[in-house]
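*Asks:* got a sequence here, can you model it:
(chains A, B, C and D)
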Protein chains: 2
Amino acid sequence: MESKVILNLSVDCVVFGYDTNTKSLNALLIKRYLESEDKSEILVDDHVLTGYHVYEDETLDNAATRVLKELTGLTQQYKKQFKAFGDPDRLTNAKDLLWIENAKFDIRTVTIAYYFLLKTEDVDIENNKYDAKWFPVKDLPELGFDHRQIINEAYGDLKIKCLVEPIIFELLPDKFTINEVQDAYQSILGIEIDNRNFRRKLINKKYIIPLDEKQFGVSKKPAKLYMFSKDVYEKMFQKNYLINI
Amino acid sequence: MESKVILNLSVDCVVFGYDTNTKSLNALLIKRYLESEDKSEILVDDHVLTGYHVYEDETLDNAATRVLKELTGLTQQYKKQFKAFGDPDRLTNAKDLLWIENAKFDIRTVTIAYYFLLKTEDVDIENNKYDAKWFPVKDLPELGFDHRQIINEAYGDLKIKCLVEPIIFELLPDKFTINEVQDAYQSILGIEIDNRNFRRKLINKKYIIPLDEKQFGVSKKPAKLYMFSKDVYEKMFQKNYLINI
DNA sequence: ATAATAAACGTCATTTAAACGTTTGTTATT
DNA sequence: AATAACAAACGTTTAAATGACGTTTATTAT
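*Replies:* Got it, this is the predicted structure:
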């Protein structure tokens, strides 16, 4: 009745990994490279997000989780569905479409985009079967499809969420120093924060638990380690309804 | 290759309308009522959101705008795509499916959900061809499909957005009193606010413009009217990056 | 022992927030 | 035309949070 456009449903995953050492927020991308049959021409040479078709009997959330697991082996990471991308012409670039099995111009692919938060070090990048690599969000390579837009929108959503929820700790190791938290905020939000005031403010939070441990192996005064207690945070009924307009 | 599940793409629109008089946030719903052929049985008797199939050559955003216009005649309202709902079993209720043309059990409908913000009075409810009605968000009727969940998630998203962006003014008339703003926050967030502190704080915002006008027709001291300047708000480079965790 | 350096602590002035009390302008009533 | 009623509008006081700095401390490398 309708016509010949075939609808395809997929999830795409923006995997954010924060690197405490380089203070860089990275995105995990996979390489695409394809030559013409006679090898005279490079048809595709760029990077893309991981994504996959959503199976018939699968929820969107489960599809995203499956894709992340397939790519990284990880299953318990912070996940957020942040936007659907479904413009009818979003995959009409013929070069790109060669990548898709049985690609025709009358397939419309709607993708439900998720982002995940984890630590760069959590992924064994050496033995990754998709040859996935980390790229700084602020220095992305050539990207296929509309994936640059998807990453940018994910990043925008993440920034806003950072301001109202303590999701920064999803990006940091379980035990962290105050300065590492500050560095993460500065890097992700692109701002400068006064260390002394930030330190005071953070240490006063009841859900920031000081540990009887210090850094070691550093060649300066080792910093005290802290951890974040999600329990305490949730029990103090946050969403304190501070209207901040 | 894949199998016999037919994928259907739709948008669903949560139309929020705030009523300044009753201080109630409402959702616009349409009635479903269907009897069996011999009229011995009521098959469907509930309410649903407005939604529609997304046309082949149409963006998701345009589909949502089209649905709103069809329902209300309005085209310039605040709109947000907030979540996709696509669980394989979300429409497997046979009773519900009778509503869908050519419904079979092997159709999977993924819906991209939007919410719109407007004033209840903007909609001419008397002459509405879908027989749409307003229902307080806090007192919804029996709802079809997963529409209760969709409304609740939209409402949750709206509440959070209210705390960080001045979208409350999308729900209020162009000229409003300070108390009307307070009432809207209290009603939507479910909180109590001290009027004297709230008033002082709001009046001090540069983007809250006092007018040389007062209420009339009220039987008490008429309140001064104000308006919200989106221009001023945006120029003062908000997103002042107040980390509020 | 000492230099170098990041971590950690401290101070003060200013701003913002919370919790109240008081005055004012309008309409309705006498 | 006085006054009661009442929400609007303004004011005060105290406590807490923030912003902008200066100083001390613990560690490693020399």
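
*Asks:* helices of chain A, start to end?
*Replies:* A:60-72, A:94-97, A:147-164, A:178-189, A:195-203, A:230-235 (DSSP state H).

*Asks:* least confident of those helices, on average?
*Replies:* Between those, the one with the least mean pLDDT is helix A:94-97; it has a mean of 48.

*Asks:* got the residues of chain A near DNA strand C?
*Replies:* With CB under 7 Å from any atom of the strand as the criterion, chain A meets DNA strand C at residues A:177-179, A:195-197, A:199-200, A:203, A:214, A:220-224, A:242. C-beta here means a position set from N, CA and C on the backbone, and glycine is covered the same way.

*Asks:* out of these, which comes closest to residue B:115?
*Replies:* residue A:242 (22.9 Å; CB to CB).

*Asks:* that closest one reaches residue B:163, doesn't it?
*Replies:* Yes: between residue A:242 and residue B:163 there is a contact at 6.9 Å, judged by CB atoms under 8 Å.

*Asks:* more crowded one of the two?
*Replies:* residue B:163 (18 against 10; other CB atoms under 10 Å in any protein chain shown).

*Asks:* quick revisit: for the residues of chain A next to DNA strand C, work out which two are farthest apart.
*Replies:* Across these (CB to CB), the longest gap, 36.9 Å, separates A:220 and A:242.

*Asks:* tell me the contacts of the closest residue in space to residue A:232 that isn't next to it in sequence?
*Replies:* Of all residues not flanking residue A:232 in the chain, residue A:207 sits nearest, at 4.0 Å (CB to CB, 6 or more residues apart in numbering or on different chains). Neighbour list for residue A:207: A:166, A:228, A:229, A:230, A:232, A:233, A:236 [criterion: CB atoms under 8 Å, 6 or more residues apart in numbering or on different chains].

*Asks:* need the pLDDT of the first one.
*Replies:* Think residue A:166. 95.

*Asks:* mark which of the contacts of residue A:207 are buried, thanks.
*Replies:* Among those, those scoring as buried are A:166, A:228, A:233 (criterion: 16 or more other CB atoms under 10 Å in any protein chain shown).

*Asks:* which one of those residues sits closest to residue A:4?
*Replies:* residue A:166 (49.0 Å).

*Asks:* for that closest one, which non-adjacent residue is closest in space?
*Replies:* Nearest non-adjacent residue to residue A:166 (CB to CB, 6+ apart): residue B:245, at 4.5 Å.

*Asks:* wait, isn't the one you found in contact with residue A:181?
*Replies:* No: using CB under 8 Å, residue B:245 makes no contact with residue A:181, being 10.2 Å away.

*Asks:* residue A:69 is in contact with residue A:75, isn't it?
*Replies:* Yes: contact status for residue A:69 versus residue A:75: in contact at 5.2 Å, counting by CB under 8 Å.

*Asks:* residue ranges in chain A under the pLDDT threshold?
*Replies:* Counting by pLDDT under 70, chain A shows low-confidence ranges at A:1-3, A:92-105, A:237-240.

*Asks:* care to break it down by domain?
*Replies:* Following automatic domain parsing, chain A resolves into domains at A:6-164, A:174-235.

*Asks:* so which of those domains is the most surrounded?
*Replies:* domain A:6-164 (a mean of 17; mean count of other CB atoms under 10 Å in any protein chain shown).

*Asks:* so the nearest residue to residue A:47 once chain neighbours are set aside versus DNA strand C, what's the distance?
*Replies:* Of all residues not flanking residue A:47 in the chain, residue A:29 sits nearest, at 4.0 Å (CB to CB, 6+ apart). For residue A:29, the distance to DNA strand C equals 31 Å [CB to the nearest atom of the strand, to the nearest Å].

*Asks:* could you do residue A:181 as well?
*Replies:* 11 Å.

*Asks:* contact partners for that residue?
*Replies:* A:168, A:169, A:172, A:198, A:202.

*Asks:* ok so, going back, output the helices of chain A in TSV; the columns should cover distance to residue A:4.
*Replies:* Output for the helices of chain A, formatted as TSV (distance: least, CB to CB, whole Å):
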stretch	distance to residue A:4
helix A:60-72	26
helix A:94-97	16
helix A:147-164	27
helix A:178-189	45
helix A:195-203	58
helix A:230-235	50
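
*Asks:* circling back: partner residues bridging the residue nearest to residue A:47?
*Replies:* residue A:133 (DSSP bridges).

*Asks:* pretty sure it contacts residue A:49?
*Replies:* Yes: using CB under 8 Å, residue A:29 is in contact with residue A:49, at 6.6 Å.

*Asks:* how about the residues of chain A by DNA strand D?
*Replies:* Near DNA strand D, when you scan chain A using CB under 7 Å from any atom of the strand, you find A:194, A:196, A:197, A:200, A:201, A:214, A:216, A:218, A:219, A:220, A:221, A:222.

*Asks:* one more time with 10 Å, if that's ok
*Replies:* By CB under 10 Å from any atom of the strand, the residues of chain A that approach DNA strand D are A:192-202, A:204-205, A:214-224, A:242.

*Asks:* isn't residue A:224 up against residue A:208?
*Replies:* No: using CB under 8 Å, residue A:224 is not in contact with residue A:208; the gap is 11.1 Å.
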